[in-house]
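Undergrad: The following block contains a protein sequence and its predicted model.
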Amino acid sequence: MSHLRRGLNLHQNVRWHKADGQQKTLEKEIIRESSCLFSFFGGSMADNKIREQIVKAAYRYSLLANKIYMYVCGEQYFELLFAVGCFRHLTGVDSSLSAEDFYKNALNKSLTDKQIQFTPRQTMKKAKKKLPCLIRLPELTDSTVCIVRDMETNTLVYKLGLTNLEFTLGVAQPTFINKFPENVYIPRSLRVKDKAIENSDSGEFVDFILEKNLDNIGAKYSKITYRDKMKKFPDVLLPMLDENIADKVRIDSIGEKCYS
């Protein structure tokens, strides 16, 4: 991941602004996306390929669902829940199905081409870019990633994001907080090669990533999925860890990846 470190070092401590002329006119956007919409209803072979990618992505997403991941930088951290209801939006497609039913159908491979739809904003072209990255989403939970802050996009500013420079996950705290554990973040946007570091106020590499299951409400973090072997786990966060894992992180010789 040396390319990721080089990308951060080039831009750290600098605030970037979008260059003039980057925005497309509404007229050009409508023409381009209408073309994608036409291609979809034309019944091209790409339709079935997109369905297959969504099905594969759903399986990969299921490996992360029902878990919470804690990203630690120094003594600061945030917790990320890969909520089932976020999956459909991350695919870049639309559907008449609810977000939960779309995920369920994709996971059990009953999703049909007719249940995959496109709009002027959610186009086939965008979906084709997003889906290969969505399949790789678990990489953001067990390898070197950069946490970016106040990441600016065309429509929103995300307080936090995760990037490996190839793709970026914008995260936010859910509106319906009673549906989720307190203070967690959930995925809101998947962006491909979007210059996340340049478009953010700051960025720093994650020191540790930990995982816990939601099966037990009071469960502590019981698995280390990534660690920077040069960093020491902050003592102040040790009470959040399972006793066995807490013992492990006290040992300086733990390797870059550890498993329970």
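TA: Cool, got the structure.

Undergrad: What residues of stretch 166-185 count as buried?
TA: 167-171, 174, 180, 184-185 (16 or more other CB atoms under 10 Å). In this view, the C-beta of every residue, glycine as well, is placed from N, C-alpha and C.

Undergrad: quick one: contacts of that stretch?
TA: When contacts are defined by CB atoms under 8 Å, 6 or more residues apart in numbering, stretch 166-185 is touched by residues 68, 78-81, 83, 133, 136-137, 140, 148, 151, 153, 156, 158-163, 186-194, 196, 214.

Undergrad: Check the residues you listed for burial and list the buried ones.
TA: The buried subset of the contacts of stretch 166-185 (16+ other CB under 10 Å) comprises 68, 78-81, 83, 133, 137, 140, 148, 151, 153, 158, 160-163, 186-192, 194, 196.

Undergrad: Can you get me a residue count around residue 203?
TA: 23 (other CB atoms under 10 Å).

Undergrad: gap between it and residue 72?
TA: Between residue 203 and residue 72 the computed distance is 15 Å (CB to CB, to the nearest Å).

Undergrad: Ramachandran angles for the nearest residue to residue 122 once chain neighbours are set aside?
TA: Distance criterion CB to CB, 6 or more residues apart in numbering; nearest residue to residue 122, sequence neighbours excluded, is residue 94 at 4.7 Å. Phi and psi for residue 94, reported as degrees, to the nearest 10, are phi -110, psi 170.

Undergrad: Could you do residue 70 as well?
TA: Its backbone dihedrals place residue 70 at phi -110, psi 120, with angles given as degrees, to the nearest 10.

Undergrad: mind listing what it touches?
TA: Taking CB under 8 Å, 6+ apart as the definition of contact, the neighbours of residue 70 are 77-80, 208-212, 221, 240.

Undergrad: mind putting the residues you listed in a markdown table, distance to residue 250 and pLDDT included?
TA: Shown next, in a markdown table, are the contacts of residue 70 (distance: CB to CB, whole Å; pLDDT from 0 to 100):
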| residue | distance to residue 250 | pLDDT |
| --- | --- | --- |
| 77 | 18 | 97 |
| 78 | 23 | 96 |
| 79 | 22 | 96 |
| 80 | 25 | 97 |
| 208 | 13 | 96 |
| 209 | 18 | 97 |
| 210 | 14 | 97 |
| 211 | 19 | 97 |
| 212 | 19 | 95 |
| 221 | 14 | 96 |
| 240 | 14 | 95 |
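
Undergrad: Let me know the closest of those residues to residue 50.
TA: Checking the contacts of residue 70 against residue 50 by CB to CB gives residue 80 as the nearest, at 26.4 Å.

Undergrad: For residue 255, give me the pLDDT.
TA: Turning to residue 255, the model gives it a pLDDT of 47.

Undergrad: what does residue 4 give?
TA: In the predicted model, residue 4 carries a pLDDT score of 62.

Undergrad: just the buried residues of stretch 166-185: which has the poorest pLDDT?
TA: Across the buried residues of stretch 166-185, the smallest pLDDT goes to residue 180, namely 82.

Undergrad: if I look at that one, how far off is residue 174?
TA: For residue 180, the distance to residue 174 (CB to CB) stands at 5 Å.

Undergrad: who wins for most neighbours among the contacts of residue 70?
TA: residue 210 (28 neighbours).

Undergrad: Next up, identify which helix or strand residue 175 is on.
TA: Secondary structure assigned from DSSP states H and E places residue 175 in neither a helix nor a strand.
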